[in-house]
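Participant: Structure for this input, please:
(chains A and B)
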Amino acid sequence: MTLALEIQAMAPPAGPWRRAVQRLLARKGAVFGMVVVFFFVAVALLAPLISPYDPVATNWATVRKAPSAAHWFGTDEVGRDVLARVIWGARASLTAGVISVAIALAFGIPLGMLAGYRGGWIDAVIGRVVDAMLACPFLILAIALAAFLGPSLGNAMIAIGVTATPIFIRLTRGQVLTVKTEDFVEAARAVGNKEMRIAFRHVLPNVMPPLLVQASLAIATAIIAEASLSFLGLGQQPPAPSWGSMLNTAQRFLTQAPWMAIWPGFAIFLVVMGFNMLGDGLRDAFDPRQT
Amino acid sequence: MSRYLLRRLLQIVPTLFVVSILIFGLQQLLPGDPALIMAGEERDPIAIQEIREQYRLDQPLPVQYVYWLAGVVQGDLGQSMRIKRPVGELVLEKLPVTLELACLAILIALVIGIPAGIISAVFRGSIWDYGANLLALWGISVPNFWLGILMIFLFSVHLGWLPASGYVSPGESLIGNLASLVMPAFVLGTGVSAVMMRHTRAAMLQTLGADYVRTARAKGVGEPGVIIRHALRNALTPVITLGALEFGTLLSGAVLTEQVFSIPGFGKLVVDAVFNRDYAVVQGVVLVTASAYILLNLLADLAYALANPRLRSGTT
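Facilitator: Numbers count the residues shown, from 1 in each chain, chains lettered A, B, ... in the order given. Have a look, this model is predicted:
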């Protein structure tokens, strides 16, 4: 055996996370999804620097102008630059997607761990609430919550986050039930670790991969849900730019200014597709048996 | 089977009970005095008093809930503040339109999703598989209200083939009815067809690799026979039950689709109620959709149990 091979044989095997990242990067679809997501994140972060115009500044001299060198995506019904509004709209959409899912994770993981770890009546009560919430169609529940909370981007994020929580509770609970009977958890208990420490140091890291996959797919759903709520007038309020509310306005000017409807919808489609491809890639990377 | 049915029926009782608490609880999210908010901008003292009496707002919360639940159990979903009609009546009036739309959407989803899933599985790794997967990715990523707007632009504004909005009842004109629903049904069915395609593909890949399929091939059964009579028949059971569950997705999607195409269905009822601050209607719609979803879940489980005796005996 050569020295190089001997060193290679002695090297510690790559960890599960590292192997997952390697598998993820080997998938063209996932890499493409990642590029799309990074592109939109960059657009949202750099909006003040790259936006060609003020997204809320009206100009009566440029009402409903077709795409041109001055306005690449055209202008809207009050002369605002559509490109500038699409760029700034990325902030509202991505913020809504990420914060909604963060809310869902913040409630879903602890409640799911509690249900799976404790069992008994706590599990039964949480289980019934999850069943009841999952029985309400996602968007209808989000609309009802947003309607009762009042129309605003913040309330839309809360409504979407709360509606998305039961999926994470159920997923975490299922994973905890599997992981808590594993040998390494029994070993941690045998050496005298406290239950809280076992839950957070040993069980939680092992339930993270499926949660990560679900989170990236849930961001895609949350972005569509935010756009839907804004389209219905329950999300971002005018004149602040949002892809959903832009489409709502565009619908009224479809014959005179179709470009108003094309770009915000295309942006939603692209970013949602990006998160879906990334989510599919992550699922395959963490669980290669499914491919 | 009857014992299984009884067990499943008993299981949905606590779920329905929690659903009722959640929906009743929505009212508590209103900031400030609910009677003032529900009365809207008019602030008519008589209307405010009516709301207080209808919802028993001067009573403790558990008492309010018991009265509300007692009404719901008897089919009384409350009174619409704006239209001044019982919510149950409004829901029953709008539901057939949405159900027709949802049934057409499911039909379109089946017609696209199942053949695409079969082709994708049979020609695994080929350009057909790649194309079908891309189609499914497009289907789950495209926002249906945007697709609706684009279709209106193409087929109504540009080509003038189909009406841009509105609804014609089948009693009025069957052709007009189909013309008014074909675009909304396609828009609504797109996402579901993508999910169906993915599930059909996965189920077909599983059955195509099964021993009985290999045996059928060894016995000289032709490839179309193997695919249709052996693999597809067994793969379709979970896909059909999935179709029943996707009805919930369709009801959600119908809210936006009906808004885009101005179809006077269940979804438009809830959106109009939201804008009119007609909270009793919002609560009624959520309650009816949740109950319908629970019922469909039960029917899907029963259908699955009929096809799979192991489930009936509770051995799995």
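Participant: For the residue in the stretch 201-316 of chain B positioned nearest to chain A, grab the count of nearby residues.
Facilitator: The minimum distance from the stretch 201-316 of chain B to chain A, using C-beta to the nearest C-beta, falls at residue B:252 (3.7 Å). In short, each C-beta sits where N, CA and C put it, glycine included. Neighbourhood size, residue B:252 [other C-beta atoms under 10 Å in any protein chain shown]: 26.
Participant: Tell me which helix or strand it sits in.
Facilitator: Per DSSP states H and E, residue B:252 falls inside helix B:247-260.
Participant: and that helix, what does it pack onto?
Facilitator: helix A:138-149, helix A:204-231, helix B:87-122, helix B:144-151, helix B:174-208, helix B:266-275, helix B:279-307 (3 or more C-beta pairs under 8 Å, 6 or more residues apart in numbering or on different chains; DSSP states H and E).
Participant: Please repeat the previous calculation with a cut-off of 7 Å.
Facilitator: The contact analysis (3 or more C-beta pairs under 7 Å, 6 or more residues apart in numbering or on different chains; DSSP states H and E) places helix B:247-260 against helix A:138-149, helix B:87-122, helix B:144-151, helix B:174-208, helix B:266-275, helix B:279-307.
Participant: Could I get the phi/psi values of the residue lying closest to residue A:184 once chain neighbours are set aside?
Facilitator: Excluding the flanking residues, the one nearest residue A:184 by C-beta to C-beta, 6 or more residues apart in numbering or on different chains is residue A:202, at 6.4 Å. Per-residue torsions, residue A:202: phi -110, psi -40 (degrees, to the nearest 10).
Participant: Just confirm residue A:202 contacts residue A:186, I think it does.
Facilitator: No - with contact defined as C-beta atoms under 7 Å, residue A:202 does not reach residue A:186; the gap is 10.2 Å.
Participant: Which one's more surrounded, the two?
Facilitator: It is residue A:202, of residue A:202 and residue A:186, that has more neighbours when counted by other C-beta under 10 Å, with 18 against 11.
Participant: for the spatially closest residue to residue B:231 that is not a sequence neighbour, what are its contacts?
Facilitator: Residue nearest to residue B:231 in three dimensions, not counting chain neighbours: residue B:207, with 4.3 Å by C-beta to C-beta, 6+ apart. By C-beta atoms under 7 Å, 6 or more residues apart in numbering or on different chains, the contact set of residue B:207 is B:213, B:231, B:234-235.
Participant: any idea how far residue B:207 is from residue A:128?
Facilitator: 35 Å (C-beta to C-beta, to the nearest Å).
Participant: again, but for residue B:297
Facilitator: For residue B:297, the distance to residue A:128 - C-beta to C-beta - is 14 Å.
Participant: Report all helices and strands that the helix or strand hosting residue A:266 contacts.
Facilitator: Using DSSP H and E, residue A:266 sits in helix A:259-286. If contacts are counted by 3+ C-beta pairs under 7 Å, 6+ apart, helix A:259-286 sits against helix A:16-25, helix A:28-45, helix A:82-118, helix A:204-231, helix A:243-252, helix B:127-141, helix B:144-151.
Participant: want to try TSV for these, with mean pLDDT and mean neighbour count as columns?
Facilitator: As requested, the helices and strands packed on helix A:259-286 are exported to TSV (pLDDT from 0 to 100; neighbours: other C-beta atoms under 10 Å in any protein chain shown):
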stretch	mean pLDDT	mean neighbour count
helix A:16-25	83	14
helix A:28-45	95	17
helix A:82-118	95	22
helix A:204-231	91	24
helix A:243-252	93	24
helix B:127-141	93	18
helix B:144-151	95	24
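Participant: out of these, nearest to residue B:195?
Facilitator: Each of those was scored for nearness to residue B:195 using C-beta to C-beta, and the closest is helix B:127-141 (6.9 Å).
Participant: Using CSV, write out the CA atom coordinates for the closest one.
Facilitator: Taking C-alpha atoms only, helix B:127-141 is exported to CSV below (Å, rounded to 0.1, in the frame of the first residue of the first chain):
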residue,chain,number,x,y,z
ILE,B,127,-36.0,12.5,-21.6
TRP,B,128,-39.7,11.7,-20.9
ASP,B,129,-38.9,11.1,-17.2
TYR,B,130,-36.9,14.4,-17.1
GLY,B,131,-39.7,16.3,-18.9
ALA,B,132,-42.5,14.9,-16.6
ASN,B,133,-40.4,15.8,-13.5
LEU,B,134,-39.9,19.3,-14.9
LEU,B,135,-43.6,19.6,-15.5
ALA,B,136,-44.3,18.5,-11.9
LEU,B,137,-41.8,21.0,-10.5
TRP,B,138,-43.5,23.8,-12.6
GLY,B,139,-46.9,22.7,-11.3
ILE,B,140,-46.0,22.9,-7.7
SER,B,141,-44.1,26.2,-8.1
